[in-house]
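**Student:** Return atomic coordinates for the entry below.
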Amino acid sequence: MQRIFATILSCCVAVLFCFIAEAQNLVKNHSFENAWSCPEDYNGYAVKFPFPDWINPNNGTPDLMHSCSVMRAGVPENFAGYMYPYDGGAYVGIILREMFDDSLSVYKGVSREYLQTKLTEPLKKNTLYCVKFYYVNAKKSMYSVDALGITLTVEQIKAKNADRILQRPQITNRPGHIMDDMDNWTEFCGYYRARGGEQYLTIGNFWDNSTTQYINKHNEYSDSAFFYAYYLIDDVSVFEIESEFECGCLNDLAWSSDWKSDTFDPATGYNTKKISDNDLASNGNSDSNSNNGQGNGNGNSSSSTDGANGNGQGDNGGSNSTQTADPNETDATGLKTQITKAAFDVAEIGDRFRLNQIYFEFNSSELLTISYIQLDSLYNILAEKPSLRIEIRGHTDNIGSEGYNKKLSVERAASVYNYLLEKGIPKTRMKYRGFGPNVPVADNSTEEGRELNRRVEIFIVEI
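**Tutor:** Below you'll find the model as predicted:
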């Protein structure tokens, strides 16, 4: 019996070891707990190795805040405000942009600060990796910006001054999404397919001032001495994955790149070229996807066809989902309309299905109960096909502001995603995105065209 137990225990340990090895974090000192010494204040000197396993790639002065400190560099209270770590007992603060006043253009202070680390092993060619960390806008920071990213390089980056590092990031925060939350840690998450040999990870703002959008916070905590955009960083990880879905990103705020894919479009940061090159060619539409906003209706029309209908079609936007219908049936825009097992049996990667029987409250992302019929059909298909992976995409017409449409569509696509998630479909098999009004399938100058453009689609990622 002891021998059997020992054998079982050995097998369990071996399985556990394999699982841990698969998800091994390639970043050492990922939460900055290890320190050369207990910090007393912000870092006033540009040193090459500000903390163990981390490198200062330019002449900046990143600041370590640690629970061991009882001075101005402690946690949760420190010179930058008040914030508990996301993980462990420490975090690091960096400047993403400093100069906001053109009259001070001659000022020679720190323009950018970066964090760099050498991974425990080089990245393997053609292999997918998930990159994550958490950030929060420091409470005393006077500014918030939209520019934050990572770059993975073969060689160590060595800049001579504290200005911007001229390097194209592989994953970035979505342009226009101002990172102004100073109360909650936000996940920065994306995937990257390695070219091979990359072994240095660098975090910071790689965009110039003209493309770095910002707002002046003017809140009760902001300090005039913090005349820059200052952010706290914690819990950095890089680990190997087999599919982008395994990254399990909690939001869609970061743009990821997959250089291997022939459909990768650097303008959007996604593999979206197929949308314009193939599917939308007949409509004369270009691939102008916005990788975040997702609206499927602008709150400007009736609850059954726009504000309430996730795809903007109502009951006149496709036939009922019956088993006898043609599984390849499409609507006037070329989107498939049959949410049936027969239709998904013959589906291919890249096929797009219009959800033509889901409805929302007017000007809201709340699903009406009538939508559950078609969503349950989709759930049953996903449950029967465990290898099927999908992307839920939201779109709007061009009525109203682009920002509003994008926000509404993100929320509506998320509603579909969350419904399926609650039914039991794991998040590793789904993701949601939105394009606002940027990928029309019909003419927006007519009501009929706008109705077709307001939609939620299911995009087949993997069969």
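
**Student:** got the end-to-end distance for stretch 122-133?
**Tutor:** 19 Å (Cα to Cα, to the nearest Å).

**Student:** And the average pLDDT for that stretch is what?
**Tutor:** Stretch 122-133 shows a mean pLDDT of 94.

**Student:** and what of stretch 87-96?
**Tutor:** 95.

**Student:** Which elements pack onto the strand ranked longest in the chain?
**Tutor:** In the chain, with assignment by DSSP state E, the single longest strand is strand 229-241. With contacts taken as 3 or more Cβ pairs under 8 Å, 6 or more residues apart in numbering; DSSP states H and E, strand 229-241 sits against strand 90-97, strand 115-118, strand 128-137, strand 143-145, strand 200-204. For the C-beta atoms, the positions are set from N, CA and C on the backbone; glycine is no exception.

**Student:** tally of neighbours for Tyr230?
**Tutor:** Other residues near Tyr230 number 25, with proximity taken as other Cβ atoms under 10 Å.

**Student:** Which stretches in this structure count as helices?
**Tutor:** Ranges of helices in the chain, per DSSP state H, are 2-22, 273-274, 341-345, 372-384, 402-423, 447-453.

**Student:** what stretches of the stretch 201-350 of the chain score poorly on pLDDT?
**Tutor:** 218-226, 252, 255-324 (pLDDT under 70).

**Student:** per-domain residue ranges of the protein.
**Tutor:** Per automatic domain parsing, the domain ranges recorded for the chain read 23-255, 273-462.

**Student:** Could you identify which of those domains is most buried?
**Tutor:** domain 273-462 (a mean of 20; mean count of other Cβ atoms under 10 Å).

**Student:** From the chain's centre, how far out is that one? Work that out for me.
**Tutor:** 20 Å (Cα atoms, centre = their mean, to the nearest Å).

**Student:** just stretch 450-463 next, same as before
**Tutor:** On the basis of Cα atoms, centre = their mean, stretch 450-463 sits 19 Å off its chain's mean C-alpha point.

**Student:** which residue packs closest to Ile373, ignoring adjacent ones?
**Tutor:** The shortest distance from Ile373 to any non-neighbouring residue, by Cβ to Cβ, 6 or more residues apart in numbering, is to Gln357 (6.6 Å).

**Student:** and the one you found, how far is that from Leu378?
**Tutor:** With the distance defined as Cβ to Cβ, to the nearest Å, Gln357 ends up 10 Å from Leu378.

**Student:** do Lys336 as well
**Tutor:** Distance from Lys336 to Leu378, by Cβ to Cβ: 13 Å.

**Student:** Could you do Met65 as well?
**Tutor:** 46 Å.

**Student:** Ok, Cys130 next?
**Tutor:** For Cys130, the distance to Leu378 - Cβ to Cβ - is 26 Å.

**Student:** Likewise for Pro386?
**Tutor:** Distance from Pro386 to Leu378, by Cβ to Cβ: 14 Å.

**Student:** Kindly report the same for Glu391.
**Tutor:** 13 Å.

**Student:** Spit out the contact partners of Glu384.
**Tutor:** For Glu384, the contact set (Cβ atoms under 8 Å, 6 or more residues apart in numbering) comprises Lys341.

**Student:** Sorry, wrong one. I was asking about Gly197.
**Tutor:** Gly197 neighbours (Cβ under 8 Å, 6+ apart): 122-123, 125, 154.

**Student:** now, among these, which is nearest to Lys427?
**Tutor:** For these, the closest approach to Lys427 (Cβ to Cβ) belongs to Leu123, at 24.5 Å.

**Student:** Isn't that closest one up against Glu198?
**Tutor:** Yes: look at Leu123 against Glu198 with Cβ atoms under 8 Å: they come within range, at 4.4 Å.

**Student:** so what sits against both of these two?
**Tutor:** Leu152.

**Student:** who's in contact with the nearest residue to Leu115 once chain neighbours are set aside?
**Tutor:** Distance criterion Cβ to Cβ, 6+ apart; nearest residue to Leu115, sequence neighbours excluded, is Ile203 at 4.5 Å. Contact analysis of Ile203 by Cβ under 8 Å, 6+ apart lists 94, 114-116, 133, 148-150, 233, 236.

**Student:** what about 7 Å?
**Tutor:** 114-115, 133, 150, 233 (Cβ atoms under 7 Å, 6 or more residues apart in numbering).

**Student:** Ok, Val75 next?
**Tutor:** With contact taken as Cβ under 7 Å, 6+ apart, Val75 is in contact with 65-67, 84-85, 89-91.

**Student:** on that earlier part again, from the chain's centre, how far out does the longest strand of the chain sit?
**Tutor:** 13 Å.

**Student:** Return the list of strands paired to that strand, each annotated with direction.
**Tutor:** Its sheet considered, strand 229-241 pairs with strand 90-97 (antiparallel), strand 128-137 (antiparallel) by DSSP bridges.

**Student:** Dump those strands to CSV, plus distance to Gly436.
**Tutor:** What follows is the strands paired with strand 229-241, written out as CSV (distance: least, Cβ to Cβ, whole Å):
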stretch, distance to Gly436
strand 90-97, 26
strand 128-137, 25
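
**Student:** Indicate which one of the ones you listed is closest to Tyr228.
**Tutor:** Closest approach to Tyr228 among these is made by strand 90-97 (4.9 Å; Cβ to Cβ).

**Student:** I'd like to check what contacts that closest one. Which residues are they?
**Tutor:** Contacts for strand 90-97 (Cβ under 7 Å, 6+ apart): 31-33, 60, 62-67, 75, 80, 85, 110, 112-115, 138, 143, 145, 147-148, 204-205, 209, 212, 214, 228-234.

**Student:** can you give me the angle it makes with strand 200-204?
**Tutor:** Interaxial angle of strand 90-97 relative to strand 200-204 (axes from the mean of the first three to the mean of the last three Cα atoms, to 10 degrees): 60 degrees.

**Student:** Return strand 90-97 as PDB; C-alpha atoms alone will do.
**Tutor:** The C-alpha coordinates for strand 90-97 follow below in PDB (Å, rounded to 0.1, in the frame of the first residue of the first chain):
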ATOM      1  CA  ALA A  90       6.300  46.300  -3.200                       C
ATOM      2  CA  TYR A  91       5.800  48.100  -6.500                       C
ATOM      3  CA  VAL A  92       7.800  50.500  -8.700                       C
ATOM      4  CA  GLY A  93       6.900  54.000 -10.000                       C
ATOM      5  CA  ILE A  94       7.900  55.300 -13.400                       C
ATOM      6  CA  ILE A  95       7.200  58.500 -15.300                       C
ATOM      7  CA  LEU A  96       5.500  58.000 -18.700                       C
ATOM      8  CA  ARG A  97       5.500  61.600 -19.700                       C
END
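
**Student:** what about it, distance to the chain center?
**Tutor:** 20 Å.

**Student:** now stretch 191-211
**Tutor:** 15 Å.

**Student:** can you check stretch 208-218 too?
**Tutor:** Stretch 208-218 sits 20 Å away from the centroid of its parent chain (Cα atoms, centre = their mean).
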